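Peer 1: Build me a model:
(chains A and B)
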Amino acid sequence: SQTIHQWPATLVQPVGSPLSLECTVEGTSNPNLYWYRQAAGRGLQLLFYSVGIGQISSEVPQNLSASRPQDRQFILSSKKLLLSDSGFYLCAWRQTGHNSPLHFGNGTRLTVT
Amino acid sequence: AQSVTQLGSHVSVSEGALVLLRCNYSSSVPPYLFWYVQYPNQGLQLLLKYTSAATLVKGINGFEAEFKKSETSFHLTKPSAHMSDAAEYFCAVSSSSNTGKLIFGQGTTLQVKP
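Peer 2: Down below sits the predicted model:
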């Protein structure tokens, strides 16, 4: 069966520090991969998605970036965190095909202080 | 372009009462629709999905949803609410583009009162 791992679960970082969140998927190949963010009391905001190794699409301009160095690995990064980067970050994967559901990781709670 | 509207950001029901969470979609092609549930500080969990096989879809935890093309709706229901159903619920539609994106509604927070 397929599983998705996302870490760390919680993170407290000072403003201006770098960020690296990692997500890996097991039990499938060539998945579509996604990074979402939830700010407090708000819905899901799609940040990045990837349909293959090295292929990253950005949905919103910001100081975050994403990379996909391996087929089942998706990394969210920042060189310098802002207070507004605080939120709940969710990684998700999906098989190709419009009827395939998204499968989410357990999320990372990021607090920028 | 596809879109999803969830009517009511907060819904409150008594334990044992009917749960009805509303979702309307807009799609130029036959839609694939999904309902997800999110408990505090957790990821989203798939409740059910509509993929055109049957208009009434049964999901986990006693939830079901009915696809009504004439009303462009996909409302989520449960006959009897449990305290454990308190969570946030998201409706989503699959984008018709090749990006593989799901388009989510803004979510509905379900409160269950004892």
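
Peer 1: any idea where the strands of the chain begin and end?
Peer 2: I went with chain A, as the question did not name one. In chain A, the strands defined using DSSP state E lie at A:3-7, A:10-13, A:19-26, A:32-38, A:44-52, A:55-58, A:64-70, A:73-78, A:87-94, A:103-104, A:108-112.

Peer 1: Chain B was what I was after
Peer 2: Taking DSSP E as the criterion, chain B carries its strands at B:3-7, B:10-14, B:19-26, B:33-38, B:44-50, B:56-58, B:64-68, B:73-78, B:87-94, B:102-104, B:108-113.

Peer 1: quick check: angle from the fourth one to strand A:44-52?
Peer 2: Interaxial angle, strand B:33-38 versus strand A:44-52 (axes from the mean of the first three to the mean of the last three C-alpha atoms, to 10 degrees): 120 degrees.

Peer 1: Check what pLDDT B:A54 gets.
Peer 2: For B:A54, the pLDDT comes out at 85.

Peer 1: That one: neighbour count?
Peer 2: 10 (other C-beta atoms under 10 Å in any protein chain shown). Backbone N, C-alpha and C define where each C-beta goes, glycine included.

Peer 1: about what we covered before: can I get the strands of chain A in CSV including distance to B:S26?
Peer 2: Output for the strands of chain A, formatted as CSV (distance: least, C-beta to C-beta, whole Å):
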stretch, distance to B:S26
strand A:3-7, 30
strand A:10-13, 37
strand A:19-26, 31
strand A:32-38, 21
strand A:44-52, 18
strand A:55-58, 23
strand A:64-70, 29
strand A:73-78, 30
strand A:87-94, 21
strand A:103-104, 24
strand A:108-112, 32
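
Peer 1: could I get the ones you listed as CSV with mean neighbour count and distance to B:E64?
Peer 2: Putting the strands of chain A into CSV (neighbours: other C-beta atoms under 10 Å in any protein chain shown; distance: least, C-beta to C-beta, whole Å) gives the following:
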stretch, mean neighbour count, distance to B:E64
strand A:3-7, 17, 26
strand A:10-13, 14, 35
strand A:19-26, 18, 29
strand A:32-38, 24, 26
strand A:44-52, 20, 23
strand A:55-58, 14, 34
strand A:64-70, 16, 36
strand A:73-78, 20, 33
strand A:87-94, 24, 23
strand A:103-104, 22, 21
strand A:108-112, 18, 32
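
Peer 1: Kindly present those strands as TSV, with separate columns for distance to B:S95 and mean pLDDT.
Peer 2: Listed next are the strands of chain A as TSV, based on distance: least, C-beta to C-beta, whole Å; pLDDT from 0 to 100:
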stretch	distance to B:S95	mean pLDDT
strand A:3-7	21	94
strand A:10-13	30	96
strand A:19-26	20	96
strand A:32-38	11	94
strand A:44-52	10	92
strand A:55-58	12	92
strand A:64-70	19	95
strand A:73-78	19	97
strand A:87-94	11	95
strand A:103-104	17	96
strand A:108-112	25	96
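
Peer 1: got a list of what A:A66 touches?
Peer 2: Contact analysis of A:A66 by C-beta atoms under 8 Å, 6 or more residues apart in numbering or on different chains lists A:W35, A:L47, A:F48, A:S50, A:I56, A:S58, A:F74, A:I75, A:L76, A:S77.

Peer 1: now, which of these lie close to chain B?
Peer 2: The subset of the contacts of A:A66 within reach of chain B, by C-beta under 8 Å from any C-beta of the partner chain, is empty.

Peer 1: Perfect, I'm done here.
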